[in-house]
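# give me coordinates for this.
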Amino acid sequence: MTEPVLDAAGVVKFLGHGAGRVHALRNVDLSLWGGELVLLMGPSGSGKTTLLSIMGCLMTPTEGTIRVRGRPIKGLDPEARARIRSNHIGFIFQSYHLFPTLTAEDNVRLALDVRGERSQRKAARDVLGLVGLGHKTKAFPRQLSGGEQQRVAIARAIVGKPSAILADEPTGALDAENGKAIMTLLAEIARDQSRGVLVVTHDPRILPFASRIVHIEDGRIVREEANGEAKRVSQS
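A predicted model of the protein is given here:
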């Protein structure tokens, strides 16, 4: 692959206004390549979720450039940005964000609805089978355990085969066994050289799953680790 699936260059983000204005991100550069699972780690308030939201085209940077498959996002209207999100980015949230009145199958089908794809029912069932929930397609979220709900959320994120999977604390509410199962599944997805996985986490249990670990503090990326080797990053 000659370019990253997702790329942030010189990203600056201010949140709020006036006396309450916060400098959330400070000249951040981060690329996500196909075939890798990257952990983004740092203390609370360091800018992790803000960076994830910007790279996922949910928020716009104050300064800097976001590229999805090499295409700059800056200047696109909301409809065009939404198309890029639905076609290239899958989100996994800690709180699952499932619709309580929809079955597991229908929650997954929503991701295909926005893409206008046909054969939605079969695709939803196939991907639920992939995450080990082929027998729970008609179950409602209230009938599922926390680990099963997270699996439905993952199925929804991956059903359209997006270029990038962005996960915000996907194991934070899970026990060790379910957390390991979720990360094993994400690591398997990341073996596809056309897809990358970026995970925001505080969870040290999932470090062995990472191909790269990026540390952020006070809105700056300060250190990266790959294959056990740490590299300091300039904070200029």
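# use CA for all of it now, contacts and neighbours both
Fine.
# retrieve the pLDDT associated with the residue nearest the centre of the chain.
Nearest to the mean C-alpha position of the chain, counting by CA atoms, centre = their mean, stands residue 166 at 0.6 Å. Per-residue confidence (pLDDT) for residue 166: 96.
# what residues are up against it?
52, 56, 89, 90, 91, 92, 197, 198, 199 (CA atoms under 8 Å, 6 or more residues apart in numbering).
# gap between the helix or strand containing it and the chain center?
Using DSSP states H and E, residue 166 sits in strand 164-168. Offset of strand 164-168 from its chain centre (CA atoms, centre = their mean, to the nearest Å): 1 Å.
# most widely separated two among the contacts of residue 166?
Largest separation among these by CA to CA: 89 and 199, giving 13.1 Å.
# returning to what we had before: export the strand holding residue 166 as CSV, just CAs?
The C-alpha coordinates for strand 164-168 follow below in CSV (Å, rounded to 0.1, in the frame of the first residue of the first chain):
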residue,chain,number,x,y,z
ALA,A,164,-10.6,2.2,8.9
ILE,A,165,-12.1,0.9,12.1
LEU,A,166,-12.0,3.5,14.9
ALA,A,167,-12.8,2.2,18.4
ASP,A,168,-13.2,4.3,21.6
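# list the neighbouring strands of it plus their orientation.
Using DSSP bridges, the strands paired with strand 164-168 are strand 89-93 (parallel), strand 196-200 (parallel).
# ranking those strands by burial, who's on top?
strand 196-200 (a mean of 26; mean count of other CA atoms under 10 Å).
# avg pLDDT for that strand?
The average pLDDT for strand 196-200 rounds to 96.
# kindly report the same for stretch 37-49.
94.
# again, but for stretch 105-116
84.
# and stretch 210-217, by the same measure?
96.
# just how off-centre is it within its chain?
14 Å.
# ok, and what's touching that stretch?
With CA under 8 Å, 6+ apart, stretch 210-217 has contacts from 36-43, 46-48, 187, 207, 221-227.
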